[in-house]
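Chemist: Quick one, fold the following:
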Amino acid sequence: MSHVPGPQWLKSSYSDSGGNNCVEVAPVRAGVAVRDSKRPANVFVTGRASFGALIESLRSGSLGTDR
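Modeler: Below you'll find the predicted structure:
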């Protein structure tokens, strides 16, 4: 049986100095996998176009700042 490597997770540059408390993303065949570093077992996958649209919305501020 051969070993299949898992996704190569990338941490946000905004994570804390310990590398926790951040969003991690990884390119996968189906699109982009996203997880919270505090709960790495909870992963969702979205399409590349949808992920790109989310990033553009965040950059432009069009999602607002209300919480």
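Chemist: which SSE is V45 in?
Modeler: Assigned by DSSP states H and E, V45 falls within strand 39-46.
Chemist: What is that strand packed up against?
Modeler: Applying 3 or more Cβ pairs under 8 Å, 6 or more residues apart in numbering; DSSP states H and E, we find strand 39-46 packed against strand 31-36. Quick note: C-beta positions are derived from backbone N, CA and C, even for glycine.
Chemist: try 10 Å this time
Modeler: strand 23-28, strand 31-36, helix 48-60 (3 or more Cβ pairs under 10 Å, 6 or more residues apart in numbering; DSSP states H and E).
Chemist: Now these in TSV, please, with extra columns for distance to W9.
Modeler: Compiled in TSV, those are given as follows (distance: least, Cβ to Cβ, whole Å):
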stretch	distance to W9
strand 23-28	4
strand 31-36	7
helix 48-60	15
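Chemist: Name the stretch among those that sits most buried.
Modeler: Ranked by mean neighbour count, the helices and strands packed on strand 39-46 are led by strand 31-36 with a mean of 17 (mean count of other Cβ atoms under 10 Å).
Chemist: That one versus helix 48-60: what angle between them?
Modeler: 50 degrees (axes from the mean of the first three to the mean of the last three Cα atoms, to 10 degrees).
Chemist: Would you give the sheet partners of strand 31-36, along with the direction of each?
Modeler: strand 23-28 (antiparallel), strand 39-46 (antiparallel) (DSSP bridges).
Chemist: Give me the contacts around the last one.
Modeler: Just to be clear, that refers to strand 39-46. Applying Cβ atoms under 10 Å, 6 or more residues apart in numbering, the external contacts of strand 39-46 come out as 7, 9, 24-26, 28-36, 51-54.
Chemist: Equivalent analysis for stretch 55-65, please.
Modeler: Under Cβ under 10 Å, 6+ apart, the answer for stretch 55-65 is V25, V32, L54.
Chemist: follow-up on the earlier one: now render the helices and strands packed on strand 39-46 as CSV, adding distance to S13 and mean pLDDT.
Modeler: Formatted as CSV, the helices and strands packed on strand 39-46 follow (distance: least, Cβ to Cβ, whole Å; pLDDT from 0 to 100):
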stretch, distance to S13, mean pLDDT
strand 23-28, 11, 92
strand 31-36, 16, 93
helix 48-60, 13, 92
